[in-house]
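> What follows is a predicted protein model with its sequence.
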Amino acid sequence: MVVKTSFSFLIGSGKRSFLQLQVLVLLIFPVFLPVSAVAVSNDKTFVLQQIDQTTGRVNRPVAPVKNVIVMIPDGCSLATVSAARWYNWLLNPDHPALYIDPYICGTVRTFSSNAPIGDSAPTTSCYMTGQPSRTGFVATYPVADPINDIFSTDPTKAYQPLMTVLEAARLVNGQSTGLVFTCEFPHATPADCSSHSYNRNDYTSITQQMVHNQLDVVIGGGVKLLKDSFQLFLKNQNYTVQLNDLNALRSFSGKKLWSLFGDADMPYEIDRQPDVTPSLEEMTQKAIQLLSTNKKGFFLMVEGSKVDWAAHANDAVGMVSEFVAFDKACKVALDFAKKDGNTAVIILPDHGNSGISIGVGRMEGYDRLSKEQIFGPLLKFKKSAEGLAKLLNASKREEIGSIFMQYTGIVLLPTDYQLIDLAKDYVNSPIPAIQRSRNSSLQYQVANIMSLRTGIGFTTNGHTGEEVFLAAYHPKNEVPTGVRLNVEINDYLCELMGLKNRLPGLTASYFAKHTDVFKGMSCTITDQPDKHPVLTVENKGKVLKLTDDSNTAELNGKPMLLSTVVVYVDKNKTFYLPEKLVNLLK
C-alpha cells in the first residue's frame, strides 16, 4: 500500500535545484522515506508524492505477552493532560504527577483515511484494524478518495468489514475479551473493537453485532439500549446480565458478564454517586479480575469516554476530572501488569478535542499568574456543566444564582443570566422556545460561564488534529517511542499478540463476500422494513439462512452459532461472512 504525502519547498530554479532536492531527501530519509514519485509544478514548488506506507513504521521486534490492555482517553489533547496534572496537584499537594507520567514514551499521529482530523470511529478503528478509515466508519474499509487519501485506498474493498485485534484475540488465540467505558456501549470507541458499520450512528446494527460477538466482559453505560430480546439472547448464552446493580457487579465472580449503568452514558466522575454507579477505576479492576482467569490470556479495551464529551462542551472541570479518573484506572492496569509479569498496557487518545489552551488572551498578564490563580477556580466547581445544567432545569428560575454559588462559587452577572435564558433546552426560560431553537444547549452555555472564570481557553467545540500522547508498559520494556503513525499502534498490538501481518488474511477469511463464497449457488436476500436482512443460500437440497449483524444461522431449519458476526452492507448489497460456510452446503 502507498501513502501520499506532500512537502512543498520553495527553492532556486533550474535542474540543479531539483537534483539537490532529491539528494537532500535521500540523505535525510535514507530508509524510512522511499520516494516513488516526485511531481514538479510550474511555479517551481516541488511536491513529494507516493511515499511507501511503511514510512515511519520502525517498530522493533516485540516479545509477545499473554495479556494486552489498551486504554483510551477519548478526545484528549495534550493540554488536557497538562491541565489535569495541575488540577490533581492542587487537589493532592503530595501528588504532583499523574500515574501515567513514568510511562509516557512518545506521540501518535492520528488521522482519517482522507483527512488529518478524525472522529472516534475511524481513529480507534485504525488502532484496532491497521487501516485508516473515513469519518463515521466503524472497523470498516473506507471508500476511496484518490485526491485526498493520505494512504492509497483500494476502491474494490470499500465497505469491507475489517478484523479487529479484539476479535482476533478470541478467534486465533482463544483469549477472553472485554470492554470497559463510560459512554453507551454502541458508541464509536467500544463499537470499533467489536462491530462493523459505515455509519457510527447506526445503533440498531452496532448494538446487535456487539451482543452477538461473544465478548466475555462488558461494563459501561447503555441500559435502555439492551432490549429484552438482547438480554434473553445473552442469558441463553450463559451470560449474567446486570442493569444498574452496583452490588451485583461487586460480588460477581463468573466469567461472562454484561453490566450496564445509566439509560445511555454514565455520569461524569464529578457528578457520580459512589453508592449507585461504579468508577472507571472500579470497572477496570473488575474486568481484569474476571478476564485474567483465562489461562490463554485476555484483551481488554478501557475507554475514558467522557473526556471527549466534556471537551465538546468546553467544560474544563469536566475534562480534567474525567482524565484524573481515567488516570486512576490506568494505575489499576499498570499495577496488574507489573505484578503479573506477562501483560502489556498501551495508553493513548484517539484524537484531540476543543483546542484547549492553558493561558488565554482575555487574562492580562496570565503568564505571571500562579497555579492557584489559573487552576484554582476549578477546585470550586463541584459539578460538571452537564450536572449543573440538570440542576438548573430541575429548579426554579429564581434559584439560578444560589445554585451557581453553591456548586461553583461564581457570582452570576446579568450577561450570564442572558446566556442561560438563551439556551435552547432551558425549560424555565422566559424566551419562547422557537426563538432559542438554534442556540447552544444549556450544558454548553453553563460550561462557557464556568470556563470564563478560569485561565483555560478553547478554540472549538469539535475535534482537533494535533498529535496525541503515547504511554506504554511492557514487562521487557519493549515499548514504541518517538512519533508514531496510528497504523504503527496496530502493528505493535499485533506483535504483542502474535498476530503480525495476520489481520488482512483474517479479514479475508471471516468477512468474505457472499457472492464469492457461494458462487454458483442460489442466493436470495430478504430485506424487510424494520428487520435485519436475511441471506438464504440453497445448494444440493440444503438451505442455509444467515441474519445480518448476528452470529446465529439456520441450516435446514436447525439453529446454529457462527464463530463471528455476519455483516450486510446495503451500499453494495453484499453479505460479509466466514468463507468456510460454503462447506455446509457441499
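It's in.

> show me what contacts I346?
V68, I69, V70, M71, L470, A471, A472, I489, Y492, L493 (CB atoms under 8 Å, 6 or more residues apart in numbering). C-betas here are computed from N, CA, C, even on glycine.

> one more time with 10 Å
Neighbouring residues of I346 by CB atoms under 10 Å, 6 or more residues apart in numbering: 68-72, 103, 127, 301, 333, 470-474, 479-480, 489, 492-493, 496.

> next one: A433
Contacts of A433 by CB under 10 Å, 6+ apart are K424, D425, Y426, V427.

> just E466 next, same as before
E466 touches S77, L78, A79, T107, R109, T110, P116, I117, H351, G352, G355, counting by CB under 10 Å, 6+ apart.

> Name the spans of the stretch 251-400 of the chain whose pLDDT lies under the cut-off.
Residue ranges of the stretch 251-400 of the chain with pLDDT under 70: none are present.

> Report pLDDT for the nearest residue to F185 once chain neighbours are set aside.
Setting aside the residues directly before and after it, F185 is nearest to G222 in space (CB to CB, 6 or more residues apart in numbering), at 4.3 Å. Listed pLDDT for G222 reads 98.

> could you check the distance from G222 over to G455?
Computed as CB to CB, to the nearest Å, the G222 to G455 distance reads 36 Å.

> Between the two, tell me which one has more neighbours.
Between G222 and G455, G222 has the larger neighbour count (other CB atoms under 10 Å), namely 26 against 23.

> For that one, grab phi and psi.
Note on G222: its backbone torsions stand at phi 120, psi 40 [degrees, to the nearest 10].

> repeat for L562
phi -100, psi 160.

> What is the burial count for it?
18.

> So for it, what's the nearest residue that isn't a sequence neighbour?
According to CB to CB, 6+ apart, the nearest residue to L562 is N551 (4.4 Å).

> any idea how this structure splits into domains?
Each domain of the chain is listed here as a residue range: 2-52, 67-357+461-508, 367-454, 511-585, per automatic domain parsing.

> Just say which of those domains is most tucked in.
Comparing the domains of the chain by mean neighbour count (mean count of other CB atoms under 10 Å), domain 67-357+461-508 comes out on top with a mean of 21.

> and that one, how far out from the chain's middle?
Mean C-alpha position of domain 67-357+461-508 versus that of the full chain (CA atoms, centre = their mean, to the nearest Å) differs by 5 Å.

> quick one: the closest residue in space to L260 that isn't next to it in sequence from D271, how far?
Nearest non-adjacent residue to L260, counting by CB to CB, 6+ apart: V223, 4.8 Å away. Distance, V223 to D271, using CB to CB: 17 Å.

> ditto for A79
23 Å.

> Ok, L249 next?
Counting by CB to CB, the gap from L249 to D271 is 19 Å.

> CA atoms only for stretch 494-512, dumped as CSV, please.
The C-alpha coordinates for stretch 494-512 follow below in CSV (Å, rounded to 0.1, in the frame of the first residue of the first chain):
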residue,chain,number,x,y,z
CYS,A,494,-0.4,-7.4,16.6
GLU,A,495,3.3,-8.0,17.6
LEU,A,496,2.2,-8.3,21.3
MET,A,497,-0.5,-10.8,20.4
GLY,A,498,1.4,-12.9,18.0
LEU,A,499,-0.7,-11.7,15.1
LYS,A,500,1.9,-9.9,13.0
ASN,A,501,0.7,-9.4,9.4
ARG,A,502,-2.3,-11.7,10.1
LEU,A,503,-5.3,-9.3,10.2
PRO,A,504,-5.7,-8.9,6.4
GLY,A,505,-5.8,-12.7,6.0
LEU,A,506,-8.3,-13.0,8.8
THR,A,507,-10.4,-10.3,7.3
ALA,A,508,-10.5,-12.2,4.0
SER,A,509,-11.4,-15.4,5.8
TYR,A,510,-14.1,-14.2,8.1
PHE,A,511,-15.6,-11.3,6.1
ALA,A,512,-15.6,-12.7,2.6
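
> what about it, distance to the chain center?
Distance, centroid of stretch 494-512 to centroid of chain: 20 Å (CA atoms, centre = their mean).

> from memory H212 sits against D549, does it?
Yes. The criterion here is CB atoms under 10 Å, and H212 meets it with D549 at 7.0 Å.

> what residues do these two have in common as contacts?
Contacts common to H212 and D549, judged by CB under 10 Å, 6+ apart, are S195, V565, V566.

> what's downstream of the helix or strand harbouring the second one, the next helix or strand?
Counting by DSSP states H and E, the secondary-structure element that holds V565 is strand 558-569. Taking DSSP H and E as the definition, the helix or strand that follows strand 558-569 towards the C-terminus is strand 574-577.

> mind listing what that next one pairs with, with the direction of each?
strand 512-513 (antiparallel), strand 558-569 (antiparallel) (DSSP bridges).

> Report the backbone C-alpha coordinates of the longest one in CSV.
If I follow you right, that is strand 558-569. Extracted as CSV, the C-alpha positions of strand 558-569 are listed here (Å, rounded to 0.1, in the frame of the first residue of the first chain):
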residue,chain,number,x,y,z
LYS,A,558,-31.9,-26.2,12.6
PRO,A,559,-30.3,-23.3,14.6
MET,A,560,-26.5,-22.9,14.8
LEU,A,561,-24.0,-20.4,16.1
LEU,A,562,-21.2,-19.0,13.9
SER,A,563,-17.7,-18.0,15.1
THR,A,564,-18.3,-14.4,14.3
VAL,A,565,-21.0,-12.0,13.2
VAL,A,566,-22.3,-11.7,9.7
VAL,A,567,-22.5,-8.2,8.3
TYR,A,568,-24.7,-6.9,5.5
VAL,A,569,-23.8,-3.7,3.6
